[in-house]
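*Asks:* Below is the structure, and that's it, no one-letter string:
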Ligand SMILES: Nc1ncnc2c1ncn2[C@@H]1O[C@H](COP(=O)(O)OP(=O)(O)OP(=O)(O)O)[C@@H](O)[C@H]1O
Ligand SMILES: O=C(O)C1=C[C@@H](O)[C@@H](O)[C@H](O)C1
Ligand SMILES: [Mg+2]
């Protein structure tokens, strides 16, 4: 489980709630929140769809690795990662070596409900969004699950309920470490 209160990294598919819940958890725990997607946008001064258009997915992944290298040097932070951040082995190593990893798992149906009208996710534009999410789930769920210290099934719970649940897990884990 989530061990001592160091860095907490959220992983999961687009729409899983990494940004929403990461921000809430950071506020609850008095930690600083970062989002690797937002850091890439801040550094480049442009939105992610334009990066995909100009540099393709490989160009975006290079920027993502560079952002993670910097963000993983920070201490005592909560970070929401991009949905595909776990695809490269070097990114997985960075996350594993520098914090506790929480996989926010959601059903394809919930992911679809949350992302179907959004234009900010290039991998979900055009064609059948539900099918795209199904394929991404098949490809990535095993990677997220293998990397995570803790898997939280978000189910039908609200972002606030999930936040309280994770906060509870973190507190229990830190209490256990304190009595060791
Ligand atoms: N548990 C939840 N129940 C209902 N809606 C949610 C829940 N969690 C997040 N949402 C909503 O789903 C949408 C996507 O959430 P969010 O942007 O946090 O996902 P993400 O995991 O950061 O996605 P990405 O990888 O694309 O950045 C937002 O509109 C958010 O308000
Ligand atoms: O799942 C993915 O590969 C992505 C998720 C988003 O968070 C962004 O990082 C980008 O749109 C790619
Ligand atoms: Mg996000």
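*Replies:* Sure, I can see it. Every value quoted in this text rests on a predicted model; they were computed, and no experiment measured them. Ligands and ions are numbered 1, 2, ... in the order given.
*Asks:* C-alpha from now on. contacts and neighbour counts both.
*Replies:* Noted.
*Asks:* tell me which strands and helices the least confident helix or strand in the chain by mean pLDDT is in contact with?
*Replies:* Ranked by mean pLDDT, DSSP states H and E, the weakest helix or strand in the chain is helix 159-179, scoring a mean of 86. Applying 3 or more CA pairs under 8 Å, 6 or more residues apart in numbering; DSSP states H and E, one finds that helix 159-179 makes contact with helix 18-29.
*Asks:* for the helix it packs on, what is the average pLDDT?
*Replies:* Across helix 18-29, pLDDT averages out at 97.
*Asks:* Next, see if that helix gets close to ligand 2.
*Replies:* No. Using CA under 6 Å from any ligand atom, we find that helix 18-29 stays clear of ligand 2, coming within 8.8 Å at best.
*Asks:* how far does that helix sit from the chain's center?
*Replies:* Here helix 18-29 is found 11 Å from its chain centre; the criterion is CA atoms, centre = their mean, to the nearest Å.
*Asks:* Also stretch 87-99?
*Replies:* With CA atoms, centre = their mean as the basis, the mean position of stretch 87-99 lies at 12 Å from the chain mean.
*Asks:* Contacts for that stretch, please.
*Replies:* Applying CA atoms under 8 Å, 6 or more residues apart in numbering, the external contacts of stretch 87-99 come out as 6-9, 65, 68-69, 72-73, 85-86, 101, 140, 143, 147.
*Asks:* for the record, mean pLDDT for it?
*Replies:* 97.
*Asks:* okay, now residue 90: neighbour count?
*Replies:* Around residue 90 there are 14 other residues, counting by other CA atoms under 10 Å.
*Asks:* quick one: which helix or strand includes it?
*Replies:* Element membership for residue 90, per DSSP states H and E: helix 89-98.
*Asks:* just the angle between the next helix or strand after that helix and helix 89-98, please?
*Replies:* Downstream of helix 89-98, the first helix or strand assigned by DSSP H and E is strand 100-105. Using axes from the mean of the first three to the mean of the last three CA atoms, to 10 degrees, one finds that strand 100-105 and helix 89-98 are set 120 degrees apart in direction.
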